[in-house]
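S.K.: From the sequence below, what's the structure:
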Amino acid sequence: MAIVETLPVGPLQCNMVIIADPVTLEAVLIDPGGDADQIIQLIDSRGFKIKQIIITHGHVDHILAAPEIEKHTGAPVYYNANDRNLWLSISLQCLFLGVQAPKKCPPPKNNLEDGDILQVRNGRVIHTPGHTQGSLCFYFEADKLVCTGDTLFMSGVGRTDLPGGNMQQLMQSLHEKVMTLPDDTRVIPGHGPETTIGDEKSSNPFLNLS
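M.R.: Residues are numbered from 1 along each chain as shown. Next comes the predicted model:
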């Protein structure tokens with residue numbers, strides 16, 4: 001099984017996740033949402049070799065430390081280009097949250113599309129628009145793990161009242177893509193505690209009511 005490290009970071013305690021191969025220590029890093037020093041300390045102390053920095057969506061609390069982590073590791077940043085406008089509005093997002101904007105945080109040059117395969121553990125990209133138009137989930141079948149960003153939470157779903165949000169799209173993404181994963185799949189959401197697909201099928205009120 002993969003090595004999985006989760007670290008709540010940034011102004012809204014985004015779950016930064018590292019998924020690493022237990023033999024090579026090659027890893028992907030998901031959502032560096034702040035506290036770059038803590039993330040770097042974790043990477044260096046465990047000897048992880050970051051191959052890709054991958055972003056679930058373009059809200060600032062998921063990307064704030066991306067430039068520093070990219071500089072430290074040399075790993076490129078990947079996202080879905082439908083969230084380009086969110087990256088371009090990072091200063092406004094920071095103003096809204098009351099945090100200092102990074103000096104440079106340009107949109108990534110590397111795009112991820114539905115069905116793309118990640119460089120570590122054969123992770124698969126699932127495009128799940130709804131919370132934002134570029135929202136992505138990352139599914140690691142062999143490890144029975146999915147990282148859902150702000151698409152799915154324990155007993156909740158992502159908000160859709162921000163730019164790019166669409167509740168009908170979100171429900172379609174959840175029912176047609178995320179909830180079709182095996183029930184025993186471990187879910188690490190963008191914020192808050194872990195859950196499983198099976199638990200959310202049986203108890204998530206938003207899914208049951210939709």
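
S.K.: contacts and neighbour counts: CA atoms only from here.
M.R.: Noted.

S.K.: Point me to the residue sitting closest to the centre of the chain.
M.R.: Nearest residue to the geometric centre of the chain (CA atoms, centre = their mean): T56, 3.3 Å.

S.K.: Please list all residues in contact with F48.
M.R.: 20, 25-27 (CA atoms under 8 Å, 6 or more residues apart in numbering).

S.K.: And for Q168, the neighbour number?
M.R.: Counted with other CA atoms under 10 Å, residues neighbouring Q168 total 12.

S.K.: S202 too?
M.R.: 12.

S.K.: Could you look up the SS state of it?
M.R.: Following DSSP: H, G, I helix; E, B strand; the rest coil, we place S202 in the helix state.

S.K.: List phi and psi for the residue nearest to the centre of the chain.
M.R.: When read as degrees, to the nearest 10, the backbone of T56 gives phi -70, psi -30.

S.K.: Chain neighbours aside, what residue packs nearest to it?
M.R.: With CA to CA, 6 or more residues apart in numbering as the criterion, T56 has its nearest non-adjacent residue at 4.7 Å, and that residue is L136.

S.K.: Kindly report the same for K144.
M.R.: Distances taken as CA to CA, 6+ apart put T185 closest to K144, at 4.6 Å, once the chain neighbours are dropped.

S.K.: who touches the one you found in this structure?
M.R.: By CA under 8 Å, 6+ apart, the contact list for T185 reads 144-146, 196-198.

S.K.: May I have the phi/psi pair for it?
M.R.: Phi and psi for T185, reported as degrees, to the nearest 10, are phi -70, psi 130.

S.K.: just to revisit the earlier point, make TSV out of the contacts of T185 and add neighbour count.
M.R.: Output for the contacts of T185, formatted as TSV (neighbours: other CA atoms under 10 Å):
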residue	neighbour count
K144	17
L145	23
V146	24
T196	20
I197	22
G198	18
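
S.K.: of all the residues you listed, which comes closest to D83?
M.R.: Nearest to D83 among the contacts of T185: V146, at 20.6 Å, using CA to CA.

S.K.: Just give the number of residues close to the residue lying closest to the closest one once chain neighbours are set aside.
M.R.: Closest residue to V146 apart from its sequence neighbours, by CA to CA, 6+ apart: Y139 at 4.3 Å. Number of residues near Y139 (other CA under 10 Å) recorded here: 25.
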